[in-house]
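Undergrad: Sequence first, predicted model second:
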Amino acid sequence: MQTTPRNPARRRLLAGSAGALAAAGLGATGVVRASEQAAGKAAGPAASAAAKPLPPYAAWKDADSVIVHSANTIETRRGAFGDGVITPARELYVRNNLPPPDASILDDRDAWTIEIQGVKNPRTLTLGDLKTLGVDTIATVLQCSGNGRGFFPHKPSGTQWQVGAAGCVMWTGVPVRTLVEYLGGIEGDPTYMTGTGGEKIPEGLDPNTLTVERSVPRDTLQDAMLAWEMNNEPLSLAHGGPLRLIVPGYTGVNNVKYIKRLAFTAEQSPAKIQQTSYRLAPMDAKPGPDQPSAWAMEPKSWITAPGAEGAPVKAGRALVRGVAFGGIHAVKRVDVSIDGGKTWKQAALVGPDLGKYAWRQFALAVDLPAGPHTLASRVEDTEGNVQVENRVENVRGYLNSSWRDHALTINVS
């Protein structure tokens, strides 16, 4: 039967972050406000009353911390991110391209099978087999390719995500490089690593039109993982259990859920989701294989407090806080503006550094006089890449990393 993730120790996460903030000389008054927001107190009764119900496969999530767009799309509220570096499973967003498989696939997790192809000794292995080969844990940002789509003025089709189709989570499983070594290495010189999901395709339909099968550059195998745990819990159905492909630094669609096949291939998958979906097509073009694929993420950050979800902000000293990540590179620095980008000050990076694929918390103590303020953040990675000011316009609204779009306007009283 499906394992319902336990509620993570939220108080411990907040307490640890509060200590980090204090160590940075920034105080912890803002942490209290964040903990209240994370508990749903800042969402407001109107938002709660209008909320759609959680779908059965994700009924264990914290309804006050998420926005249910549909049965397959659930967003984390901006004010629910709090100050802990790890996003609790009960607050993490959900995006499924197809309805999830039946929960019975979790009845015997170790019996789940995956076919490995494109190696010298191709085999079909069970999850139980994988657990004998090796184990590692990695923290990554998981972000939907369409996160920030709601800021595009042309309102592209798809869920109108704001900032909450993202989270930072811990994955545990076997590194793909360990698996490849066990099977004798890669056969030949393929260009791509291709993962195929295990969702059920209705009979009579062309599988290529619906199958979730994504190809990414082969070099990603160095840090990729076949994960069976998330945040120290067996992987839930909502997040791809019993087994999921993790491609650090790449958008969520490339982190294939319910993975049944991992292959090293000369060509990209012929599936629609690879050939024409998730392509960054210009506004005057039809998405197709000649346009860039939604692969690696870019440097991105946003403010999470104060004032998220309309929470009141009093004039005086405040702690501006948020999250930042570099995509495929580590975070070097984050700058914060309280005047919509006219002036900037460097924020402190606080909390634990969980590696280059994880996000970093940042904080800056400021004085906020009464009136409107636009809070913005801008991250720079270790390679010198700086978060862009303006979005790259594209038909489907993918990879919006604009700091201006993600700014938070608040009214201070």
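TA: Perfect, I can see it now.

Undergrad: The stretch 251-400 of the chain: strands as residue ranges?
TA: Listed in chain order, the strands of the stretch 251-400 of the chain (DSSP state E, counting those that start in this stretch) span 259-265, 300-305, 316-325, 331-337, 345-346, 348-350, 360-368, 371-381.

Undergrad: Adding mean pLDDT and mean neighbour count, write the ones you listed out as JSON lines.
TA: Backbone N, C-alpha and C define where each C-beta goes, glycine included. Putting the strands of the stretch 251-400 of the chain into JSON lines (pLDDT from 0 to 100; neighbours: other C-beta atoms under 10 Å) gives the following:
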{"stretch": "strand 259-265", "mean pLDDT": "98", "mean neighbour count": "20"}
{"stretch": "strand 300-305", "mean pLDDT": "98", "mean neighbour count": "28"}
{"stretch": "strand 316-325", "mean pLDDT": "98", "mean neighbour count": "23"}
{"stretch": "strand 331-337", "mean pLDDT": "98", "mean neighbour count": "21"}
{"stretch": "strand 345-346", "mean pLDDT": "98", "mean neighbour count": "12"}
{"stretch": "strand 348-350", "mean pLDDT": "97", "mean neighbour count": "19"}
{"stretch": "strand 360-368", "mean pLDDT": "98", "mean neighbour count": "22"}
{"stretch": "strand 371-381", "mean pLDDT": "98", "mean neighbour count": "22"}
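
Undergrad: Next, format those strands as JSON lines and append distance to Ser104.
TA: Output for the strands of the stretch 251-400 of the chain, formatted as JSON lines (distance: least, C-beta to C-beta, whole Å):
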{"stretch": "strand 259-265", "distance to Ser104": "15"}
{"stretch": "strand 300-305", "distance to Ser104": "38"}
{"stretch": "strand 316-325", "distance to Ser104": "36"}
{"stretch": "strand 331-337", "distance to Ser104": "41"}
{"stretch": "strand 345-346", "distance to Ser104": "52"}
{"stretch": "strand 348-350", "distance to Ser104": "43"}
{"stretch": "strand 360-368", "distance to Ser104": "39"}
{"stretch": "strand 371-381", "distance to Ser104": "43"}
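
Undergrad: Just tell me which of these ends up closest to Gly84.
TA: Evaluated with C-beta to C-beta, the strands of the stretch 251-400 of the chain place strand 360-368 nearest to Gly84, the distance being 8.3 Å.

Undergrad: Dump that closest one to CSV, keeping only the CA atoms.
TA: Taking Å, rounded to 0.1, in the frame of the first residue of the first chain, the C-alpha atoms of strand 360-368 are listed here in CSV:
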residue,chain,number,x,y,z
ARG,A,360,20.4,28.8,-0.9
GLN,A,361,18.4,30.8,1.6
PHE,A,362,19.3,34.5,1.7
ALA,A,363,18.4,37.4,4.0
LEU,A,364,18.9,41.1,4.3
ALA,A,365,17.9,43.4,7.1
VAL,A,366,16.3,46.6,5.9
ASP,A,367,14.2,49.6,7.1
LEU,A,368,10.8,49.8,5.4
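
Undergrad: just to revisit the earlier point, can you tell me which of the strands of the stretch 251-400 of the chain is nearest to Gln117?
TA: Nearest of those (C-beta to C-beta): strand 259-265, 3.9 Å.

Undergrad: Show me which residues of stretch 189-196 are buried.
TA: 190, 192-196 (16 or more other C-beta atoms under 10 Å).

Undergrad: and of those, the nearest to Ala80?
TA: Nearest member of the buried residues of stretch 189-196 to Ala80, counting by C-beta to C-beta, is Gly195, at 29.6 Å.

Undergrad: isn't the closest one right up against Leu221?
TA: No - look at Gly195 against Leu221 with C-beta atoms under 8 Å: they stay out of range, at 10.8 Å.

Undergrad: can you count the residues close to Thr140?
TA: Using other C-beta atoms under 10 Å, Thr140 has 27 other residues around it.

Undergrad: Provide the backbone phi and psi angles at it.
TA: phi -140, psi 160 (degrees, to the nearest 10).

Undergrad: what is it paired to in the beta sheet?
TA: Val169 (DSSP bridges).

Undergrad: which ones are touching it?
TA: 168-169, 171, 246, 248-249, 357-358 (C-beta atoms under 8 Å, 6 or more residues apart in numbering).

Undergrad: Can you give me the pLDDT of it?
TA: Per-residue pLDDT puts Thr140 at 98.

Undergrad: Please tell me how far it sits from His154.
TA: 30 Å (C-beta to C-beta, to the nearest Å).

Undergrad: That'll do, ta.
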